[in-house]
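[1] Need coordinates for the below:
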Amino acid sequence: MERKRSSAKRQEPLEEEEGSVISDSAMKTRQAPRSSKQDSSSTPRKGSRSQNREKQIPEKTGARKSQGASARPPKRSLKTQTTTTADEPAASSQIAVDYKQIAMLAGGVLLLILLIWWGINALSSSGDGPQQGPASNPFLTAEQNQQHNSQNPTDQPGNAAEPVEDSPQAEVAVTDVKSGIDPSKQKEGAAESLKNMSVRGQEKKHLPDWGPGFSALTGPNAGKVDLQLPVLKVARGKNESGVWDSLNNALNEVTSRGAVIRLYGSGPFLLNPHRLQDISQLIIMGDSGQKPTILLQAKNENEKQPEVNLFSFSAGLLRFQGVRLLCDVSGLSGSGVCNVLELNQSDLTFQDSSFTLTGTTDRTLRLINSTGAPRTTTGRPEGESRIFLENSVIMGQKLEAVRVDQIYADVLISNCFISCKGAPCLELDSLDLALAPGLILQERKVPRTARIFSSTLLSDHTIFSLTGPEEKKKQVKSDQEELASGQTDIVVINSVLIGNPRNKQATMMTLTNWPQDKLRSQSASRFDEVKMQLENALLWGWPSYLRSTEHGNSQNVFQIDSHRTWQQSWGNHVTADMFQPDLPAEIDELLTPAFVKPLLDFSKQKSVYAISADGVTAGCDPASLVSLTQNEQKRIKAVLGRPDIEQEIKSQFAKAKAVTFDMTKGNLSDFLNGPAISGPTRVNVSGQGVCYMSPVTLENKQIQLVFQHKTAESPQAVELKLLPSSSKSRVKSGIEAFFNLKNSTLEVSGGAFRVSPDRKGVVPRHFVRCQNSRLGLDQCALAALLPNDNRFQSAIYVEADSTGKSSQIQIDHSYLSASGTIIQSEASQLDLDVRNSLFLSQQDIFALPAKQGVSDVIRVSLSQSTFAPQGSVFAIKSESGSSNSGRSAIQVIAEESLFLPAPSGSNARSDLSKTASLISAPQSSSGNRGIEWWGNSNGYMVERFNAINRATGSASGAGNDFSADMKSLFGADADQHELTMRGGVILQDQKLPPVIKLQPVHFQLLPTCKAASWSELNQPLGADPVVLQKIIEGKQNQDKSGRLKRAF
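    Residues are numbered from 1 along each chain as shown. I've put the predicted structure just below:
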């Protein structure tokens, strides 16, 4: 009966249960037909490995079904398991293999599921960070950036010129994505992405949703700049491949794809008015932690023009990082408004920077003026413009820091000091709330938002100025137009807002043309459209805290002047400690305005301590802020006040006629005073070998000497020789100079001159003697080292002029070596410009007078040159003192120059064993009175070099702190980025030849020393010895050779 039931049950379509125990009867049934069943063929079908095994052994399936149908008791099952047959071992092994394979298959499926889940999470989390890929906008959210990048075509120069506009379908998709995000989670994501910004206390919960916009450009959290943006390097005064010499020239190269402009050096970099449109992203930043100064000279041609724009930028992102803006408004005429940064449908970041005004004008200045319709082409549904100020200082007279005249805007100010005198700090102007259909994709809940975090804002007028929206009671012009909300949120956290208690009209917030009925109502909703939130904030020194007025109706005024009225008006609780009408007397200095770091440290102020919470002191952190000091502004004026001698000489010979002269066939002196010379004349001088000339005297002449020679010829060297006709008159009185200039202009290019050490030769007192004249030496060389001979006194001697006129000297790419002084002046008025040159003297480099009570000034400019004296670089010949005009008698500007002692020794060899000094002054002089020093990136061999050596009869040994001496003499800001470490300046050739055989090549720097890469472009300091050596050897081309194609 059992077998019949099992056969009947075998026909039922029951599902097989894998892994069941096989009974004795099933095993016996399978043994008999095993061979015939294995030989029979069957059609295969897709399935698992266990299903294939079932087709090979069909009896097994039937046995399992009969076992499941009979429902045997447990004892029968246990007894069946202990029964053994001849084929049972083989069946048991097959069952064991089934279990292992099933376990391995299940584990593999589980592992595959885990890997897929991990990959999905990794991809989704990577999209939350700041997008720095091609054409990414750091102000967009992650979803917007991904969509924007997917829609961007291949970034080619032709495509970059066209602004990218999103399609309507793409904009709608962005709206759907944003609407699907949980606002609380979006806040957490924004806060997480703001890791580059320092937030304190309660500021984190008020961070904006556009957190990815805070991508740092410098520091450890700096993100990579978009590789699609070209980098333009700007170094003032540099004319090299890949480097622009001015910021204006670099801006002219910016295309619609954008650019990164890196400023090398401290500047100043002149910025003329520009108008840039459709620039995707423009970044202007300093390099290597430098704080370069950008000077804007504001000028207007039309006095009646009511509004003037200095720098206009539209439809893009403008970023300033680590720069100091100085705006000179003395050239502004007329009345009205001047916008320094005029933004139209653009975003702005102003980080680690400062803005300062100089000069006076009748116009009101605005640093940032943001206007324009909502930005519908950026992938933002709400189309708001964003302004971010961080770690910055903004101050000035009649200066308004930020003005926004847009329907949708978001302003964030973090750790800033803003001081505005006579104007509000932040102005939100009137709005036309009528929106055209399709202007925006998603209405912004709070149209205008201003967040003030950990900042100090100061004004003697008002901090916030809000002009009410257009009255909604007016009828809408078109049925299709809609009215947007006029709500404005102002959030002030951990900040101090300072007013002027002496100005009774000052108020912290000014409302203009706001609905007065709602303001006067006693309901808690009187400020529905203005939300003011204060947390750990101090309102310090304000006669009133809010005043609402109407144009044309001065009697209708609503005012809040106490904590109680404020709390009743806003309907939320604020502590009374936040309202302090009295201002400490020491804070008055900040009202000038001025940036004084000790006064901005409020940690010991009782009023600030009372409102501070969570261990956070309200106000900005002055230690992290930098602004232009008064001394730095003096330095900028000194740099800008330098005359351009090279340009003046070029303009004088712009239309000069050209003549030729052969040194081997005549006397140069007779030729220059002959009939061939009339007016500005260019004389092309040829010759080879040693050529001789008699002294030249020029009066009321304009001559340009250009020494020409071929590469195959031997180098030309010009020596002085007395002709028989002139020897009788000059042998007793001596020879005064090679060239005597009076009321003349002489430019010498490519000339190599030599004073013979032979005692029988002619030794002049000076190489050039000039009075009220211009002298230019370009690619010239003078060898005048005469050991133990005092006849040669100086290379250039400037004689005082009775009329008080000034002489000008410009030396470029030249090598001057002399046993006497290089430049000696008796005149108290002189302009001197030295560039890319090497001066070697056995005495002093410059011997200058500093006469007390004289209004004239000696202006010296040194750039990328090397100075090696045995005495001093600057020898002050008389008591130095301040002049009646308040200006220093001597003004020195030195940049990227090298200062070291001149080698000295025997006839066999020379070394750097003696000590020299930068300045030597009479013993009676005190301090640096009468001397003004402005240096940047200069190198000093401090082992053998002193800052000052007073004339005591013996030179003091080096070893003092050179930097400390310079700061005590000229101030902390006088010498910036100086190289004063021991071992910083090392010459490559330690075994120097005798002094008389020294050449520029012996001043080559050791490549591993700091001076070999200390300049702004990581180039060697001082003059290039290789270029100067070629000039001496006669292989230098007439075109100036700069440091081309050098890596930096």
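[2] Verify the contact between residue 636 and residue 268 for me.
    Yes. Taking Cβ atoms under 8 Å as the definition, residue 636 is a contact partner of residue 268 at 4.9 Å. The C-beta positions use only the backbone N, C-alpha and C, and glycine is treated the same way.
[3] which residues do the two both contact?
    Listed contacts common to residue 636 and residue 268 are 293, 295, 326; contacts here mean Cβ atoms under 8 Å, 6 or more residues apart in numbering.
[4] Adding neighbour count, distance to residue 802 and pLDDT, write those out as CSV.
    Shown next, in CSV, are the shared contacts of residue 636 and residue 268 (neighbours: other Cβ atoms under 10 Å; distance: Cβ to Cβ, whole Å; pLDDT from 0 to 100):
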residue, neighbour count, distance to residue 802, pLDDT
293, 24, 40, 94
295, 20, 38, 94
326, 21, 40, 94
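[5] tell me the average confidence for the helix or strand harbouring residue 418?
    For residue 418, the host element (DSSP states H and E) is strand 417-421. Strand 417-421 comes out with an average pLDDT of 95.
[6] Packing partners of it?
    Packing partners of strand 417-421 (3 or more Cβ pairs under 8 Å, 6 or more residues apart in numbering; DSSP states H and E): strand 393-397, strand 399-405, strand 456-459.
[7] Next, count neighbours for residue 804.
    For residue 804, the neighbour count with other Cβ atoms under 10 Å is 12.
[8] residue contacts, it?
    829, 856.
[9] Secondary structure class of residue 509, three-state.
    Classification of residue 509 using DSSP: H, G, I helix; E, B strand; the rest coil returns strand.
[10] now do the one 5 residues further on
    Secondary structure assignment for residue 514 (three-state DSSP): coil.
[11] For it, which non-adjacent residue is closest in space?
    Leaving aside its chain neighbours, residue 514 sits nearest to residue 468 (4.2 Å; criterion: Cβ to Cβ, 6 or more residues apart in numbering).
[12] The one you found touches residue 518, doesn't it?
    No. Judged on Cβ under 8 Å, residue 468 makes no contact with residue 518 at a distance of 10.4 Å.
[13] which one of the two has more residues nearby?
    More crowded of residue 468 and residue 518, by other Cβ under 10 Å: residue 468, with 20 against 15.
[14] Show me which residues of stretch 1005-1012 are buried.
    By neighbour count on 16 or more other Cβ atoms under 10 Å, the buried set for stretch 1005-1012 is 1005, 1006, 1009, 1010, 1011, 1012.
[15] about what we covered before: highest average neighbour count across the helices and strands packed on strand 417-421?
    Stretch with highest mean neighbour count among the helices and strands packed on strand 417-421: strand 456-459 (a mean of 27; mean count of other Cβ atoms under 10 Å).
[16] which secondary element of the protein has the worst mean pLDDT?
    Among the helices and strands of the chain, helix 168-179 carries the lowest confidence by mean pLDDT, DSSP states H and E, at a mean of 30.
[17] Would you confirm that residue 967 contacts residue 974?
    Yes. Between residue 967 and residue 974 there is a contact under Cβ under 8 Å: 7.2 Å.
[18] Please say which of the two ends up with more neighbours.
    Using other Cβ under 10 Å as the criterion, residue 967 and residue 974 rank with residue 974 on top: 21 against 15.
[19] pretty sure that one contacts residue 965?
    No. Using Cβ under 8 Å, residue 974 makes no contact with residue 965, being 11.2 Å away.
[20] what's the overlap in contacts for these two?
    Counting by Cβ under 8 Å, 6+ apart, no residue touches both residue 974 and residue 965.
[21] which ones are touching residue 530?
    Contacts of residue 530 by Cβ under 8 Å, 6+ apart are 466, 487, 488, 490, 511, 514.
[22] Same question for residue 273.
    309, 310, 311.
[23] Quick check: the last one is in a strand.
    Yes. Counting by three-state DSSP, one finds residue 311 located in a strand.
[24] Do you have the helices of the stretch 901-1048 of the chain handy? List them.
    Secondary structure of the stretch 901-1048 of the chain (DSSP state H, counting those that start in this stretch): helices located at 962-970, 1025-1033.
[25] For the last one, list every residue counted as buried.
    When neighbours are counted by 16+ other Cβ under 10 Å, the buried residues of helix 1025-1033 are found to be 1025, 1027, 1028, 1029, 1030, 1031, 1032.
[26] same question, the first one
    The neighbour-count check on helix 962-970 (16+ other Cβ under 10 Å) flags 962, 963, 965, 966, 969, 970 as buried.
[27] Tell me where the stretch 901-1048 of the chain has strands.
    Ranges of strands in the stretch 901-1048 of the chain, per DSSP state E, counting those that start in this stretch, are 904-905, 910-911, 916-921, 931-936, 939-940, 945-950, 975-976.
[28] and the second one, how far out from the chain's middle?
    So that's strand 910-911. 43 Å (Cα atoms, centre = their mean, to the nearest Å).
[29] go on, the last one?
    For strand 975-976, the separation from the chain centroid amounts to 19 Å (computed by Cα atoms, centre = their mean).
[30] cool, the first one as well?
    For strand 904-905, the gap between its own C-alpha mean and the chain's C-alpha mean amounts to 46 Å (Cα atoms, centre = their mean).
[31] contacting residues around it?
    842, 870, 910, 911, 913, 914, 992, 994, 995.
[32] My understanding was that the fourth one contacts residue 903; is that so?
    Yes. Distance between residue 911 and residue 903: 6.1 Å, which falls inside the contact criterion (Cβ under 8 Å).
[33] Give me the common contacts of these two.
    Both residue 911 and residue 903 are contacted by residue 992, under the criterion Cβ under 8 Å, 6+ apart.
[34] okay, these two: which has more neighbours?
    Comparing residue 911 with residue 903 by other Cβ under 10 Å, the one with more neighbours is residue 903, at 23 against 13.
[35] State the distance from the more buried one to residue 303.
    For residue 903, the distance to residue 303 equals 62 Å [Cβ to Cβ, to the nearest Å].
[36] Walking through the stretch 551-700 of the chain, point out its helices one by one.
    Under DSSP H, counting those that start in this stretch, the stretch 551-700 of the chain gives helices at 563-570, 606-611, 630-640, 645-652, 668-672.
[37] least reliable of those going by mean pLDDT?
    When I compare the helices of the stretch 551-700 of the chain, helix 563-570 is least confident, with a mean of 84.
[38] that older thread, out of the strands of the stretch 901-1048 of the chain, nearest to residue 802?
    Nearest to residue 802, of all those, is strand 931-936, at 25.9 Å by Cβ to Cβ.
[39] picking that back up, quick one: which of the contacts of residue 273 has the most company?
    The most crowded member of the contacts of residue 273, judged by other Cβ under 10 Å, is residue 310 (23 neighbours).
[40] Right, I'll leave it there.
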